[in-house]
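**Q** With the input below, show me the fold.
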Amino acid sequence: MLIGLTYDLKKDYLKEGFSEEETAEFDCEETIESIESTLISLGYETERIGNAKQLIKCLATGKTWDLVFNIAEGMYGAGRESLVPALLDYYRIPYTFSDPLVLSVCLHKGITKSIVRHYGVATADFAIIENELELNTINLPYPLFIKPACEGTGKGIDGMSKIDGPKNLNITVSRLLDSYKQPLIVETYLPGREFTAGIIGTGEDSRCVGAMEVLLRKCPDEELIYSFYNKSNYEQIIDYHIPEKEVLSACSELALAAWKGLGCRDAGRIDMRMDEKGILNFMEVNPLAGLNPVHSDLPIIARLNGISYQAIIEEIMRSAQKRVTV
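**A** The predicted model follows:
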């Protein structure tokens, strides 16, 4: 079985002049090598494709694969994660992870929260701001938390993200709108403990492989916030711990409800945080979770629960192959 590999390699974009923040979600060579060597060890034949541009060139020559292992994040727009899956759908080539609709929906934090709330999953009240004139429409109690609606890896999150009053709200909204050129999500601030849960599988076959608490040891920001800086320097700043049994059970229940409601496939993560009453709230989903065997959250969660990296890749492939038509 020939498996193509689609991905965005960080060093390629850095060579083109993109910044560290712009390429924060892209993968290093170690991640691609780890996925490829694991697939080979599982008996698959592999072929590296690369990013969307490289995929388009291959498809134009008539190239095809039995299945594509897709971890391409894309570069531009709210539909950037959907580009590679959409191209593969057009050519009727099966692939790992979620489809274009789910990837687009899950990249927009406001739309995602609206959907999970429909399914009864707790999530903080929020508003979407597209311009400064809409600040007057916000009817949420302070403190608030604000971030770009369509970014990951902590982009746009720093010590100014927690808002205590109207003045700081105006300043932060203006700065983020100017910097990120996209809608912002303003949420009721959740002061409690933060967790991330790993999911493997699709639909009723989905299962939570574990959860871990995100604990910040020290922080250059004024607030203990899981910011872009802190995520980028997690080894010096962040500790991960398996939560107590009752909390772990609650994390699993919330994560699976959100995962199934959103229609995510194969593997990913759900981030959540407790409110002032200790009730877990959905924050966001990562349907294209990082797969670096050492540094990425999903493999860390799996490792803490006795699941090997090879087992993760094997289960992802098993889930995706159920969609392959014979």
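
**Q** gap between the helix or strand hosting Val68 and the chain center?
**A** For Val68, the element it lies in under DSSP states H and E is strand 67-70. Distance of strand 67-70 from its chain centroid, counting by CA atoms, centre = their mean, to the nearest Å, is 18 Å.

**Q** same thing with stretch 105-118?
**A** Its chain's C-alpha centre and that of stretch 105-118 lie 13 Å apart, by CA atoms, centre = their mean.

**Q** Against which helices or strands is the strand holding Val68 packed?
**A** strand 2-6, helix 83-90, helix 309-321 (3 or more CB pairs under 8 Å, 6 or more residues apart in numbering; DSSP states H and E). In short, each C-beta sits where N, CA and C put it, glycine included.

**Q** now the ones you listed in JSON lines, with mean neighbour count?
**A** Compiled in JSON lines, the helices and strands packed on strand 67-70 are given as follows (neighbours: other CB atoms under 10 Å):
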{"stretch": "strand 2-6", "mean neighbour count": "20"}
{"stretch": "helix 83-90", "mean neighbour count": "20"}
{"stretch": "helix 309-321", "mean neighbour count": "19"}
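
**Q** Reformat these as TSV; add mean pLDDT and distance to Thr46.
**A** TSV is the format used below for these (pLDDT from 0 to 100; distance: least, CB to CB, whole Å):
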stretch	mean pLDDT	distance to Thr46
strand 2-6	98	5
helix 83-90	98	16
helix 309-321	98	12
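
**Q** Looking at the ones you listed, spot the one closest to Ser296.
**A** helix 309-321 (9.8 Å; CB to CB).

**Q** Mind exporting the C-alpha coordinates of the closest one to PDB?
**A** Extracted in PDB, the C-alpha atoms of helix 309-321 (Å, rounded to 0.1, in the frame of the first residue of the first chain):
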ATOM      1  CA  TYR A 309       4.300   6.400  19.100                       C
ATOM      2  CA  GLN A 310       4.000   3.400  16.700                       C
ATOM      3  CA  ALA A 311       0.700   2.500  18.300                       C
ATOM      4  CA  ILE A 312      -0.700   6.000  17.600                       C
ATOM      5  CA  ILE A 313       0.300   6.000  14.000                       C
ATOM      6  CA  GLU A 314      -1.100   2.400  13.600                       C
ATOM      7  CA  GLU A 315      -4.400   3.400  15.100                       C
ATOM      8  CA  ILE A 316      -4.600   6.600  12.900                       C
ATOM      9  CA  MET A 317      -4.100   4.400   9.800                       C
ATOM     10  CA  ARG A 318      -6.600   1.800  11.000                       C
ATOM     11  CA  SER A 319      -9.200   4.500  11.500                       C
ATOM     12  CA  ALA A 320      -8.500   6.200   8.100                       C
ATOM     13  CA  GLN A 321      -8.500   2.900   6.200                       C
END
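
**Q** Could you verify that Val214 is part of a helix?
**A** No: using DSSP: H, G, I helix; E, B strand; the rest coil, the assignment for Val214 is strand, not a helix.

**Q** What sits closest to it if chain neighbours are left out?
**A** Distances taken as CB to CB, 6 or more residues apart in numbering put Glu194 closest to Val214, at 4.5 Å, once the chain neighbours are dropped.

**Q** Okay, and the beta partners of that neighbour?
**A** Note on Glu194: beta-bridge partners by DSSP bridges are Val214, Arg273.

**Q** can I assume it is in contact with Ile270?
**A** No: if you go by CB atoms under 8 Å, Glu194 and Ile270 don't touch, sitting 11.9 Å apart.

**Q** Quick check on the two: which one has the bigger neighbour count.
**A** Counted by other CB atoms under 10 Å, Glu194 and Ile270 do not tie: Ile270 has more neighbours, with 30 against 18.

**Q** quick check, that one in a helix?
**A** No: looking at Ile270 with three-state DSSP, it is strand, so not inside a helix.

**Q** Any chance you could spot the residue sitting in the middle of this structure?
**A** Asn286 (2.4 Å; CA atoms, centre = their mean).

**Q** which ones are touching that one?
**A** Residues in contact with Asn286 (CB atoms under 8 Å, 6 or more residues apart in numbering) are 106, 152, 268-271.

**Q** so what's Glu223 scoring on pLDDT?
**A** Per-residue confidence (pLDDT) for Glu223: 48.

**Q** ok, so of the contacts of Asn286, who is nearest Leu42?
**A** Using CB to CB, the contacts of Asn286 come closest to Leu42 at Gly268, 20.3 Å.

**Q** and the closest one, how many neighbours?
**A** Residues near Gly268, counting by other CB under 10 Å, number 25.
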